[in-house]
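Student: Below are the sequence and a predicted model; questions follow.
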Amino acid sequence: MRTDLQWGGRFAHAPDADLLAFGSSLEDDLPLAGCDVRCSLAHVEALAGGGIIGVDDAETLRDALRRVGEEIAAGTFVAWAREGAFEDVHGAIDARVRELAGEVGARLHAGRSRNDQVATTLLLYVRERCDALTALVRSAANRLLDAAEEELAAGTLVPGMTHWQHAQPISLAFWLHAWATAFARDARRLQAAAREARRILPLGSAALAGSTLPLDRAAAARSLGFDAPSSNAMDAVGNRDAALDALHAATRALLTASRCSEELVIWMTQEFGFARLDDRASTGSSLMPQKKNPDVFELVRAHGGTAIGILTGALATVKGVAQSYQRDLQETKSAIVRGLEHARAVFSAFERALGYVSFDRTRTTAQAAIGFAVATDVADALVKTGLPTRVAHERVGRAVARAEAEGRELNGGDLQALGIDAPLDGGASIAAKRTVGSTNPDRIREAIAALREELNA
């Protein structure tokens, strides 16, 4: 086994192999490898810009780093790194650069600590993962809007519910747009975290106090697309706020997916029968031949809980960490990487499964107005006559009680007794809505167009 540490001169003994393995984060760090190469390429620009290394050495380092990047992309670097005893992926890449570049490779780490290196690499990773997850979230929202347009054209209704009780008739498109709206919020949170991860560059902060070498930090910031170098080295090396914001945003997106999955699972029961899942996204039973299960949505629902656990763990690792770098932050980094990788995998499955969902238009529309779901429309009609709201509410409540006792829905006779005309079917109920943001088909059409514009901007 090859042991290649970035420290050791002041130590009389090699590290205990088991304790070194305990402290290693190599396996957790592997998703960061490509970002670490980018970080190191930017550090070469800072070294060259400050005159710390010459033109030839800078090009040798760039060549070695590009070679490592190619090995990472091809998958050969991972196998190479696993043969050695490295503390982390950052040390493994440094060792490989020294192997490729010879003596010049030992110049790469000048003016740099793993503290500022890790902080920068993590921000680059966060930016990449936020962008990838945003694309998945937006794709899910657009799938829902596609379905909303189809169901709006078909005139499909569904019972709108509160407390899982029939409340008011709504368009199925309204329900679909509601979930798309929630995912649009998730996309905004992810992009806000990505923007925060682009603001301040830690690289060049060194261990915690800056460097005596004249690093060109502005060149490094430009190279990596940061707004500016950090203004306080101590804060920069210990700051994980943007990464924690990203993990929080990713968790929130999974919670939205979990909530949507819960409703779809219920809608797919025989008791509801509102939605169906294509065979390609379903599973069966090893015992019961008739079973067809929406496992993917049940798993997404469960993974929402896993995501909360990872986020909570990540937050707990920083609760007692003093300024600058402490080794606790290795666990923070591992939790962030694990959480973002987990979120991407789960949301990818959720987004794909949405494409296999269809709805029973006949059943949902037939159910939309039952359970006295039009009672609010009847009460509104009384309010329009000048009756106080509380009085109207009471009179319609008594009419509902009578109809329920007689085993029927509200009918024309009830309206005649109340002296009003009001919608008694679902289509008339949603058409009567007037407010912006309502389930009125025209308002839904406007809302879909506006959300499409936001998602595709």
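Tutor: That came in fine, so what should we check first?
Student: Let's verify residue 319: helix, strand, or coil?
Tutor: Look at residue 319: counting by DSSP: H, G, I helix; E, B strand; the rest coil, its state is coil.
Student: What count of nearby residues applies to it?
Tutor: When neighbours are defined as other Cβ atoms under 10 Å, residue 319 has 7 of them. (Glycine included, C-beta is placed from N, CA and C.)
Student: check which helix or strand covers residue 168.
Tutor: In this structure, residue 168 sits in strand 165-171 according to DSSP states H and E.
Student: Check residue 343 too.
Tutor: Following DSSP H and E, one finds residue 343 within helix 328-354.
Student: And that helix, what does it pack against?
Tutor: If you count contacts as 3 or more Cβ pairs under 8 Å, 6 or more residues apart in numbering; DSSP states H and E, helix 328-354 packs onto helix 26-29, helix 114-154, helix 241-267, helix 295-317.
Student: could those helices be laid out in JSON lines, adding distance to residue 456?
Tutor: As requested, the helices and strands packed on helix 328-354 are arranged in JSON lines below (distance: least, Cβ to Cβ, whole Å):
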{"stretch": "helix 26-29", "distance to residue 456": "35"}
{"stretch": "helix 114-154", "distance to residue 456": "8"}
{"stretch": "helix 241-267", "distance to residue 456": "18"}
{"stretch": "helix 295-317", "distance to residue 456": "25"}
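Student: weakest of the ones you listed by average pLDDT?
Tutor: Among those, helix 26-29 carries the lowest mean pLDDT, a mean of 81.
Student: Which secondary structure state is assigned to the closest residue to residue 380 other than its chain neighbours?
Tutor: Sequence neighbours aside, residue 422 is the residue nearest to residue 380 in space, at 7.4 Å (criterion: Cβ to Cβ, 6 or more residues apart in numbering). At residue 422, secondary structure determined by three-state DSSP is coil.
Student: what about residue 422, distance to residue 410?
Tutor: Plainly put, residue 422 is 9 Å away from residue 410 if you go by Cβ to Cβ, to the nearest Å.
Student: Residue 202 touches residue 120, doesn't it?
Tutor: Yes. With contact defined as Cβ atoms under 8 Å, residue 202 reaches residue 120; the gap is 4.9 Å.
Student: Check which residues of the strand or helix carrying residue 195 are buried.
Tutor: Using DSSP H and E, residue 195 sits in helix 172-196. For helix 172-196, burial by neighbour count (16 or more other Cβ atoms under 10 Å) applies to 172-184, 186-187, 189-191, 193-194, 196.
Student: can you pull the buried residues of stretch 252-265?
Tutor: Buried, per 16+ other Cβ under 10 Å, within stretch 252-265: 252-258, 260-261, 263-265.
Student: can you pull the alpha-carbon coordinates of it into PDB?
Tutor: Extracted C-alpha coordinates of stretch 252-265, given in PDB (Å, rounded to 0.1, in the frame of the first residue of the first chain):
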ATOM      1  CA  ARG A 252     -36.700  21.000   0.900                       C
ATOM      2  CA  ALA A 253     -37.100  19.800  -2.700                       C
ATOM      3  CA  LEU A 254     -37.200  16.200  -1.500                       C
ATOM      4  CA  LEU A 255     -39.800  17.100   1.000                       C
ATOM      5  CA  THR A 256     -42.000  18.600  -1.700                       C
ATOM      6  CA  ALA A 257     -41.500  15.400  -3.700                       C
ATOM      7  CA  SER A 258     -42.300  13.400  -0.600                       C
ATOM      8  CA  ARG A 259     -45.600  15.300  -0.100                       C
ATOM      9  CA  CYS A 260     -46.600  14.900  -3.700                       C
ATOM     10  CA  SER A 261     -45.700  11.200  -3.600                       C
ATOM     11  CA  GLU A 262     -47.900  10.800  -0.500                       C
ATOM     12  CA  GLU A 263     -50.900  12.200  -2.300                       C
ATOM     13  CA  LEU A 264     -50.200  10.200  -5.400                       C
ATOM     14  CA  VAL A 265     -50.000   6.900  -3.400                       C
END
